[in-house]
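>>> Just to be clear, the model below is a prediction. Sequence and coordinates:
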Amino acid sequence: MKQGVIIGFLGKTQDRFSEYQLPVSVKEKLEIVKEIEGFDGVEIVFPYETGDPVETKGWVEELELHFAAVNVNIKKEPEWVPGALSTSTSPPPTRKFPRAPRWRSARLGSMREY
């Protein structure tokens with residue numbers, strides 16, 4: 001069975017009561033996953049953990065890990081509250097992110113079968 005880790009939980013997390021753990025870089029989170037026995041898949045969140053897709057993919061390959069998923073987490077961004085990432089009837093809205101998440105997913109190599 002293939003196993004993946006949501007890397008967002010490997011650093012600072014918080015709820016309404018407190019903050020837990022210290023902030024950790026994406027590369028450090030990937031290094032932590034490498035040390036977890038039985039796991040070689042990572043799940044990252046666009047746009048907060050993807051950074052430069054070429055650099056991120058390089059770290060994953062260097063550590064002999066694989067992308068299990070690239071999640072789109074834009075629900076709290078004001079520009080996306082009334083709509084979606086794409087539309088078939090009009091051009092996409094102006095975004096602060098340079099490219100759509102699907103492009104990043106393909107560039108990161110997560111578009112493959114397991």
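That came through, no problem. Numbering: from 1, shown residues only.
>>> what about this structure, any weak spots by pLDDT?
Residue ranges of the chain with pLDDT under 70: 79-114.
>>> Spell out, range by range, the strands that occur in it.
4-6, 13-14, 19-20, 41-46, 66-72 (DSSP state E).
>>> Please name whichever of these is nearest to residue 59.
strand 41-46 (9.7 Å; Cβ to Cβ). For every residue, glycine as well, the C-beta is placed using N, CA and C.
>>> need the strands of the chain in CSV with mean neighbour count and distance to residue 59, can you?
Output for the strands of the chain, formatted as CSV (neighbours: other Cβ atoms under 10 Å; distance: least, Cβ to Cβ, whole Å):
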stretch, mean neighbour count, distance to residue 59
strand 4-6, 17, 14
strand 13-14, 10, 21
strand 19-20, 10, 24
strand 41-46, 22, 10
strand 66-72, 18, 11
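>>> To residue 35, which of those strands lies closest?
strand 4-6 (10.8 Å).
>>> Which stretches in this protein count as helices?
Under the criterion DSSP state H, the chain contains helices at 26-35, 53-62, 101-108.
>>> As JSON lines, these with distance to residue 73 and mean neighbour count would be great.
Below are those laid out as JSON lines (distance: least, Cβ to Cβ, whole Å; neighbours: other Cβ atoms under 10 Å):
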{"stretch": "helix 26-35", "distance to residue 73": "14", "mean neighbour count": "16"}
{"stretch": "helix 53-62", "distance to residue 73": "16", "mean neighbour count": "16"}
{"stretch": "helix 101-108", "distance to residue 73": "10", "mean neighbour count": "18"}
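>>> Of those helices, which is nearest residue 76?
That would be helix 101-108 among the helices of the chain, by Cβ to Cβ, at 15.3 Å.
>>> ok, back up a step: in JSON lines: the strands of the chain, plus distance to residue 27.
Listed next are the strands of the chain as JSON lines, based on distance: least, Cβ to Cβ, whole Å:
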{"stretch": "strand 4-6", "distance to residue 27": "14"}
{"stretch": "strand 13-14", "distance to residue 27": "18"}
{"stretch": "strand 19-20", "distance to residue 27": "21"}
{"stretch": "strand 41-46", "distance to residue 27": "12"}
{"stretch": "strand 66-72", "distance to residue 27": "15"}
